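A.B. asks: Provide a 3D model corresponding to the input given below.
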Amino acid sequence: MPAGAEERFRGLLEAAPDAMVIVDDTGTIRLVNAQTEALFGYRREELLGHPVELLVPGRFRAHHTMHRDGYAANRQVRPMGAELELHGLRKNGTEFPVEISLSPLETADGLLVSAAVRDVSDRKRAEARINELAGLVESSQDAILAKTLDGEITYWNAAAQRLYGYTRAEVMGRHVSLLATTERREEIDTLLDRLRRGEKVEHFETLRVTRSGDLLDVDITLWPTRAPDGSVVGACAIVRDISDRKKAEEELTFLYEQQRHIALTLQRSLMGTPPAIPGLTTASRYRPATQGAGVGGDWFDLIPLGAGRVGVLIGDVMGRGLEAAAVMGQLRSAAHALAKTGMQPRQLMQSLETVVGDLDVPDQLVTCCYVVISADAGEVTVCSAGHLPTLVALPGSGAHQLEAPVNAPLGVGGVLYEQATAVIPPGATLVLYTDGLIETPGTDIEDQLGRLTATLADLFASAPDLEVAADRVLAALLPDAEGHNDDVTLLLTRLPDAPLATAAIDLPAVPESVPEGRAFLSKALTSWDCAPTADDARLLLSEILTNAVQHAHGPIGLHVCRTPTELTVEISDQSTHLPRPRAATEDEESGRGLILVRALADDWGVRPTEAGKTTWFTLKL
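C.D. replies: This next block holds a predicted model:
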């Protein structure tokens, strides 16, 4: 080869991007370029004159010699990628996959063979990774499909065939709307539009249709596929059948609603329905917790005590669940029965403390508030066991807290409960509530109490309808009707109008007080135009006054009041002994007084007082 041509040849050899190895017909290396040194780790002088098998792994050398001899007999260009698994051997002993292109060179010195050797390690790893991913996709239990941005299906794995019932051949090239019901075709277009904008759609739940026409609940995640320049060229989808999950969710929802209904029915049964009390306007709201079965320990009660007095009770058993509801039911029944005896609020609370202790429920705490309304005196007496403050709303005068001693909740033990009495004008409204109304997550209880007070002040700028006021209080304090995690109880009670007339006198505990009391009553009844009831009223008064003179200590208080519908007579004395009706024998002169009272009065009773007791009766007018 001329010197110039040889120099150009060597220049081309060095510029080649692949490792170039030129051997003669005996397999001896005659020329290599710099890429060969870099690829195999040998210096040039270590290769020249050595057999080319130096660059071949030992286990392939025998075959390589045979292939080399065969190529010498059948000389032709063999391009790279001839589907031969070939490997090279570096100087350090490591093997690597290669592709080799062979070209024969006829020279004056005989046949030379040029081998262009290319390291395909990266490509082989990429191919292995692609094959691995393809295997994972094909073996996935989720349906995986690919599509163009026009919606034509370009890939369909085995799980997609199992899910939808279509073979790969049946769907390739068809529009993906094939899988949607008629009414959901627009949904497909919307999803494709989002994919074209490069959006990823995660866990989109919808309905799809199978080859047999069955409907499937599915969860679909879609993401755009991109070209090397970043442009969106298609989309892939993973589809999961959630029919079983949806069915289970529906069953759980049904069971939950059923459980909730049973729980609420139980709760309302235990809570009871307070009676309507003539002359007393009330509005109540109960909202069960939106979390769980809605069973809690809230309760309230209205208890007619006679003689124009009404007991208002509200309580909250700490905790949730059926146990709290059961405790609530027992306490409500006990409190109602105790209140009917006419005992004072502090005495009732002391008795309830004993009831809680006897329930044998460890660490059970109960807040409770009992208010007794005396309409004729314009007074309320209140005892609170750790309950939130009772509020008083008066039209035109805003709202304020009812002053009351702070007592520990029921269940603490060793507490001496105290009560307080306050004068409240007719038309004022008592506002009682449980902590669910103002103890909401993320808020301060004092701030919420201030908000409740301000809301009431706005509502009672006039004399609102209590039902409307109750709804507005809930809307203001609990704007999210489904977002509270505790029971909520609200009770609004408007004090009744004062009696039309009242009269009172104190008498000594002497026999002469009986005719004096009758005369006082007769004068009052005459002035009030109550003549039809005068005889019965005087008779009953005589019996009760006589008992007081004989068995009690003075002074004896006589209090009479009249409403539009009834007359009430109260006789107070200084004895704590409560009289009881009994059957008198024929030869006894006493024992018939209370039997007469019970027979003639429309209602009657005896209640303890701080100084002794009060016996009362009412007659309809």
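
A.B. asks: Strands of the stretch 51-200 of the chain, start to end?
C.D. replies: For the stretch 51-200 of the chain, the strands defined by DSSP state E, counting those that start in this stretch cover 86-89, 95-107, 110-119, 143-148, 153-156.

A.B. asks: Which of those strands sits closest to residue 475?
C.D. replies: Nearest of the strands of the stretch 51-200 of the chain to residue 475, taken as CB to CB: strand 143-148 at 47.9 Å. For glycine as for every other residue, the C-beta is placed from the backbone atoms N, C-alpha and C.

A.B. asks: Extract the C-alpha set from that closest one and format it as CSV.
C.D. replies: Extracted in CSV, the C-alpha atoms of strand 143-148 (Å, rounded to 0.1, in the frame of the first residue of the first chain):
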residue,chain,number,x,y,z
ALA,A,143,-55.3,-4.1,33.5
ILE,A,144,-52.7,-2.0,31.7
LEU,A,145,-53.3,-0.4,28.4
ALA,A,146,-51.8,2.3,26.2
LYS,A,147,-53.5,4.6,23.7
THR,A,148,-52.8,7.5,21.4
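
A.B. asks: who does it touch, helix- and strand-wise?
C.D. replies: Secondary-structure packing of strand 143-148 (3 or more CB pairs under 8 Å, 6 or more residues apart in numbering; DSSP states H and E): strand 153-156, helix 158-164, strand 232-241.

A.B. asks: picking that back up, would you turn the strands of the stretch 51-200 of the chain into TSV with mean pLDDT, mean neighbour count and distance to residue 530?
C.D. replies: Shown next, in TSV, are the strands of the stretch 51-200 of the chain (pLDDT from 0 to 100; neighbours: other CB atoms under 10 Å; distance: least, CB to CB, whole Å):
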stretch	mean pLDDT	mean neighbour count	distance to residue 530
strand 86-89	89	18	123
strand 95-107	85	16	119
strand 110-119	86	18	120
strand 143-148	90	20	89
strand 153-156	91	19	95
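
A.B. asks: now those in JSON lines, with distance to residue 180?
C.D. replies: JSON lines is the format used below for the strands of the stretch 51-200 of the chain (distance: least, CB to CB, whole Å):
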{"stretch": "strand 86-89", "distance to residue 180": "50"}
{"stretch": "strand 95-107", "distance to residue 180": "46"}
{"stretch": "strand 110-119", "distance to residue 180": "48"}
{"stretch": "strand 143-148", "distance to residue 180": "13"}
{"stretch": "strand 153-156", "distance to residue 180": "13"}
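
A.B. asks: nearest to residue 613, of these?
C.D. replies: Among the strands of the stretch 51-200 of the chain, the nearest to residue 613 by CB to CB is strand 143-148 (83.4 Å).

A.B. asks: sorry, back to before: please name whichever of the helices and strands packed on strand 143-148 is nearest to residue 21.
C.D. replies: The nearest among these, by CB to CB, is strand 232-241 at 41.0 Å.

A.B. asks: Just the mean pLDDT for that closest one, thanks.
C.D. replies: When pLDDT is averaged along strand 232-241, the result is 91.

A.B. asks: Show me where the stretch 401-550 of the chain dips below the pLDDT cut-off.
C.D. replies: Where the stretch 401-550 of the chain drops to pLDDT under 70, the residues are 481-485.

A.B. asks: let's see it at 80
C.D. replies: Across the stretch 401-550 of the chain, the ranges flagged by pLDDT under 80 are 440-442, 480-486, 497-498.

A.B. asks: Would you map the strands across it?
C.D. replies: Secondary structure of the stretch 401-550 of the chain (DSSP E, counting those that start in this stretch): strands at 420-423, 429-433, 488-494, 501-507.

A.B. asks: Any chance of those in a markdown table with mean neighbour count as columns?
C.D. replies: As requested, these are exported to a markdown table (neighbours: other CB atoms under 10 Å):
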| stretch | mean neighbour count |
| --- | --- |
| strand 420-423 | 14 |
| strand 429-433 | 25 |
| strand 488-494 | 24 |
| strand 501-507 | 15 |
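
A.B. asks: mind checking which of the helices and strands packed on strand 143-148 is nearest residue 521?
C.D. replies: strand 232-241 (86.6 Å).

A.B. asks: The closest one: partners in the sheet, and parallel or antiparallel?
C.D. replies: Using DSSP bridges, the strands paired with strand 232-241 are strand 143-148 (antiparallel), strand 215-226 (antiparallel).

A.B. asks: in it, what counts as buried?
C.D. replies: Of all the residues in strand 232-241, those buried under the rule 16 or more other CB atoms under 10 Å are 232, 234, 235, 236, 237, 238, 239, 240, 241.

A.B. asks: In this structure the fifth one contacts residue 222, no?
C.D. replies: Yes - here residue 237 reaches residue 222: they are 4.8 Å apart, a contact under CB atoms under 8 Å.
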